[in-house]
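Q: Have a look; sequence and predicted model below, questions after that.
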Amino acid sequence: MVGIVVVSHSERAAEGIREIAREMGGDVRIEAVGGTGDGQIGTTPEPIREAVEAADGSGEGVVVLVDLGSAVMNAELALEEAAVDEAVVADAPVLEGALNAAVAATAPNATVEAVREAAEEAAGVSKL
């Protein structure tokens, strides 16, 4: 099963988004990482790399969702170092994208590309 990583500058935000996405994703492996090691707002590559490797438990790949610009940079750095065969950063709103990704990842034939596309489709969904 394709895994999902939620990256936020806030640990609490990442955990909350994961909590919501788990409601939709059932058994999908969803990891949350946020904040810095000293409890500040921000992101760092090493915890993201660890989360990516943990989310790839089945070896079918990982889709990473991020909240803000520097999280993209740190996620890309983490993916360069991660010991996984396939992982991508989705260009998607983090909450809505995580929900879409979680649902897509439950499909028996889910691929990283299909889960990434589902996450990115959330960018076009109107809330009103």
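A: Arrived safely. Nothing here was measured: the structure is a model prediction, and the numbers come from that model.
Q: Alpha carbons of stretch 46-61, as CSV, please.
A: What follows is stretch 46-61, C-alpha atoms only, in CSV (Å, rounded to 0.1, in the frame of the first residue of the first chain):
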residue,chain,number,x,y,z
GLU,A,46,16.0,14.3,8.9
PRO,A,47,12.6,13.8,10.6
ILE,A,48,11.0,14.0,7.2
ARG,A,49,13.3,11.3,5.9
GLU,A,50,12.6,9.1,8.8
ALA,A,51,8.8,9.5,8.3
VAL,A,52,9.1,8.7,4.6
GLU,A,53,11.0,5.5,5.4
ALA,A,54,8.4,4.6,8.0
ALA,A,55,5.5,5.2,5.7
ASP,A,56,7.1,3.0,3.0
GLY,A,57,6.5,-0.1,5.1
SER,A,58,5.2,-2.2,2.3
GLY,A,59,7.7,-0.9,-0.2
GLU,A,60,5.1,0.5,-2.6
GLY,A,61,6.2,4.1,-2.3
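Q: Which helix or strand lies directly C-terminal to the lengthiest helix in the chain?
A: Across the chain, the longest stretch assigned as helix under DSSP state H is helix 11-25. The helix or strand immediately downstream of helix 11-25 is strand 30-34, counting by DSSP states H and E.
Q: what sits up against stretch 9-29?
A: Stretch 9-29 is touched from outside by 1-4, 6-8, 30-35, 39, 41-43, 54-55, 57-58, 65, 67-68, 70-71, 94-95, 98-99, 101-103, 105-106, with contacts defined as C-beta atoms under 8 Å, 6 or more residues apart in numbering. C-beta: built from backbone N, CA, C; applies to glycine.
Q: Out of those, which end up buried?
A: By neighbour count, with 16 or more other C-beta atoms under 10 Å, the contacts of stretch 9-29 hold 1-4, 6-8, 30-35, 42-43, 55, 65, 67, 71, 94-95, 98-99, 101-103, 105 as buried.
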